[in-house]
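1. Structure, please.
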Amino acid sequence: MTQEERKSWLEKCKESLRKSRAKEVIEALKKLRPDWHEETDDPVATAIKCLEKREVKGQLNYAKAIEENLPIGSGEVESAHRTILQKRLKIPGAWWRLERAQLRALRANNRWDELWQRRAA
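-> Now for the predicted structure:
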């Protein structure tokens, strides 16, 4: 497969994921590695296992996320982790209990309902 063919194949896979068609991507990956099995430990097998696991859990509904204008990459989450959580939790000399850190994360993510449900419990 040429560099251009690989690039085109990857773009088709990404578009399938954006349209919540993860099974198509899984099948495409399996065609690359027809001899793969659960114990295989290479990048293609790892991708297959990862996608299958998340597809079963319903975590690959990118079409709905895009429709609701939600981020589908990890960049915003990673950035928020650094700027909101780590910045507050790593104050020199500060000690945090797990429950307080979790509550702070819920509050930072505007998940007020969960915050108050936990407080009421």
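2. what about residue 40, is that helix, strand or coil?
-> coil (DSSP: H, G, I helix; E, B strand; the rest coil).
3. Let me know the distance separating it from residue 33.
-> Distance, residue 40 to residue 33, by CB to CB, to the nearest Å: 7 Å. Yep, even glycine has a C-beta here, placed from its N, CA and C like the rest.
4. What average pLDDT does the lengthiest helix in the chain get?
-> Ordering each helix of the chain by length in residues (DSSP state H) puts helix 3-18 first. Per-residue pLDDT values across helix 3-18 average out to 93.
5. just checking, what packs against that helix?
-> Judged by 3 or more CB pairs under 8 Å, 6 or more residues apart in numbering; DSSP states H and E, the packing partners of helix 3-18 are helix 22-32, helix 62-67.
6. Now tell me what touches the first one from outside.
-> Helix 22-32 is touched from outside by 9, 12-13, 16-17, 36, 44, 47-48, 51-52, 54-55, 60, with contacts defined as CB atoms under 8 Å, 6 or more residues apart in numbering.
7. Out of those, which comes closest to residue 106?
-> Within these, the smallest distance to residue 106 is 23.1 Å, found for residue 54 (CB to CB).
8. Pull the number of nearby residues for the closest one.
-> Residue 54 has 12 neighbouring residues, counting by other CB atoms under 10 Å.
9. Find the nearest non-adjacent residue to residue 29, please.
-> Spatial nearest neighbour of residue 29, chain neighbours left out: residue 48 (5.0 Å); criterion: CB to CB, 6 or more residues apart in numbering.
10. can I get the CA coordinates of stretch 36-47 in CSV?
-> Provided in CSV are the C-alpha atoms of stretch 36-47 (Å, rounded to 0.1, in the frame of the first residue of the first chain):
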residue,chain,number,x,y,z
TRP,A,36,-5.0,-11.5,15.0
HIS,A,37,-6.3,-12.9,18.3
GLU,A,38,-6.9,-11.5,21.8
GLU,A,39,-3.3,-12.2,22.9
THR,A,40,-1.7,-10.5,20.0
ASP,A,41,0.2,-7.4,21.1
ASP,A,42,0.8,-5.2,18.2
PRO,A,43,-0.6,-1.8,17.2
VAL,A,44,-3.3,-3.2,14.9
ALA,A,45,-4.5,-5.8,17.4
THR,A,46,-4.4,-3.2,20.2
ALA,A,47,-6.6,-0.9,18.1
